[in-house]
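> Quick check, what structure comes out for this input:
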Amino acid sequence: MIANRQDILARLFDRQFGQPIVRNDLRGELVEEIVGAALEPDWRLCGGDWAAYDLEHVATGLKLQVKQSAAKQSWHALGFKNTSPRFSIAKKTGRYEGAVWFAEESRNADIFVFAWHPIVDDTCDHACPEQWEFYVVDES
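Below is the predicted model:
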């Protein structure tokens, strides 16, 4: 039997996000949704493929970027040690707006949210918003 679109998407979602530990390259999407849900309706999610920032304040246009890290990683099962959280807001050489590149040195957001998931025991679940710690930092 050939699966339909909905079945394929459900299988993909379950494979990528159905476990308590979400891969590092996908976890950012999950944390952006957590922050977006907390800040709605004053902020709207606008991040996407190669977007310079993740949320925009509806009234003022302020830009917010979410950075995330977790103490427990999927690759720890391979024997790698736990790491300390690291977040970078170094100035970039430019940014994309859609498919257009703007070459200007700056930080791409006005506000940064550092999301840290500190749990390493068996209760660890990256999809549980209450397990995350959030730190808000002004661009300056």
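
> C-alpha only now, for contacts and for neighbours.
Noted.

> ok, now which ones touch the residue nearest to residue 134 when sequence neighbours are not counted?
Excluding the flanking residues, the one nearest residue 134 by CA to CA, 6 or more residues apart in numbering is residue 115, at 4.6 Å. Contacts for residue 115 (CA atoms under 8 Å, 6 or more residues apart in numbering) come out as 31, 66-69, 132-135.

> The longest helix anywhere in the chain: which residues count as buried?
The longest helix of the chain (DSSP state H) is helix 24-39. By neighbour count with 16 or more other CA atoms under 10 Å, helix 24-39 contains the buried residues 27-28, 30-36.

> Over to stretch 49-67?
Applying 16+ other CA under 10 Å to stretch 49-67 flags 51-57, 63-67 as buried.

> These: which two are farthest apart?
The largest separation in the buried residues of stretch 49-67, counting by CA to CA, is between 57 and 67 at 17.3 Å.

> looking at the protein, which helix or strand does the model trust least?
In the chain, the helix or strand scored least confidently by mean pLDDT, DSSP states H and E is strand 95-97, which has a mean of 80.

> Which is the succeeding secondary structure element to that strand?
Using DSSP states H and E, the helix or strand that directly follows strand 95-97 along the chain is strand 100-102.
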